[in-house]
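In: Sequence and predicted structure below; questions after.
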Amino acid sequence: MMRPKSSKGRPASRKGPKRSKSMMNIDGKSKAKPSKPSSKSPSSTKKKKTAKTKQTKRSATLSKDTIPSSTRPPQIPTSAEVKRPVTAPGPPRASSSSATGKGGVRVVTRFRPLNKTEKKVGSEIDGPIIEIADDNLSVRFSKAAQKQLNLTTADSARFSFDYVFPNTSTQADVFRETGEAMAPELFAGFNCTILAYGQTGTGKTWSMMGIVGTENSGVIPRLVQSIFAGI
């Protein structure tokens, strides 16, 4: 039997009735259309995951390199990175001031003369209020002050210092005893500090600064000159 040809010369295909997506079982229940198996194999999925993980690590490494070194947390070197053996720290070096017997930490005190206001007001005590020992290492209230102020034995005790400057001491005397040895200490690698402590109006600024460029220069300008002279 001959099939009718289409307009293009090809045999026409017979189209039957469309079948439903679900097939009927013998019991009359519909049978779901079997799902198509996934075209992605487990091996290909693992490869893509691995590639994605490597790409994430690489981007994290690049972003870490772009962070400034100043903001990065400090990293502890491993034992393999340490070239020299780590040993326990030895005893601290003694500074030259300790070697000369003056000590690493010294406490000195300076007494200033009376100012104009104090001279105008006057004092109830006849004579000096304090007495400084001949070796300039201790000070106590004078006998006139003890009698006038009715001081007890405890109040009349002698106070010892590394050095006591009388009210007749000059700026050069103070620097010679306190700051002159600081410049060699700095060049030897030691940290040095001169701290002026006292009540307001006792002469801290005068002792530390004075009048720069004159014979009344204080400790700071004189020490700066010593440092530049030693460079």
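Out: Right, received. Where do you want to start?
In: When you work out contacts or count neighbours from here on, use the C-alpha atoms and nothing else.
Out: Noted.
In: what about I227, which helix or strand?
Out: Here I227, judged by DSSP states H and E, is contained in helix 219-230.
In: show me where the protein has helices.
Out: Counting by DSSP state H, the chain has helices at residues 42-65, 96-99, 116-121, 143-149, 171-178, 182-187, 204-208, 219-230.
In: sorry, back to before: can you give me the mean pLDDT across the helix holding I227?
Out: Regarding helix 219-230, the rounded mean pLDDT is 93.
In: Okay, buried residues for that helix please.
Out: For helix 219-230, the buried set under the neighbour-count rule, 16 or more other C-alpha atoms under 10 Å, comprises 219-223, 226-227.
In: ok so, going back, can you tell me which of the helices of the chain the model trusts least?
Out: Lowest mean pLDDT within the helices of the chain: helix 96-99, at a mean of 50.
In: mind saving the C-alpha coords of stretch 214-231 as PDB?
Out: As requested, the backbone C-alpha atoms of stretch 214-231 are provided in PDB (Å, rounded to 0.1, in the frame of the first residue of the first chain):
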ATOM      1  CA  THR A 214      72.500  81.900  79.700                       C
ATOM      2  CA  GLU A 215      74.400  80.800  82.700                       C
ATOM      3  CA  ASN A 216      71.000  80.000  84.300                       C
ATOM      4  CA  SER A 217      70.200  77.300  81.800                       C
ATOM      5  CA  GLY A 218      68.500  74.400  83.500                       C
ATOM      6  CA  VAL A 219      69.100  70.600  83.300                       C
ATOM      7  CA  ILE A 220      67.300  70.000  80.000                       C
ATOM      8  CA  PRO A 221      69.100  72.500  77.700                       C
ATOM      9  CA  ARG A 222      72.500  71.600  79.300                       C
ATOM     10  CA  LEU A 223      71.800  67.800  78.700                       C
ATOM     11  CA  VAL A 224      70.700  68.500  75.100                       C
ATOM     12  CA  GLN A 225      74.000  70.300  74.500                       C
ATOM     13  CA  SER A 226      75.900  67.300  76.000                       C
ATOM     14  CA  ILE A 227      74.100  64.900  73.700                       C
ATOM     15  CA  PHE A 228      74.900  66.800  70.500                       C
ATOM     16  CA  ALA A 229      78.400  67.300  71.600                       C
ATOM     17  CA  GLY A 230      78.800  63.500  72.000                       C
ATOM     18  CA  ILE A 231      77.400  62.600  68.600                       C
END
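In: Can you tell me what sits against it?
Out: Outside of stretch 214-231, the residues within contact range by C-alpha atoms under 8 Å, 6 or more residues apart in numbering are 170-172, 174-175, 179-180, 182-183, 206-212.
In: rerun at 10 Å
Out: With C-alpha atoms under 10 Å, 6 or more residues apart in numbering as the contact definition, stretch 214-231 has outside contacts at 170-172, 174-176, 178-184, 186-187, 194, 204-213.
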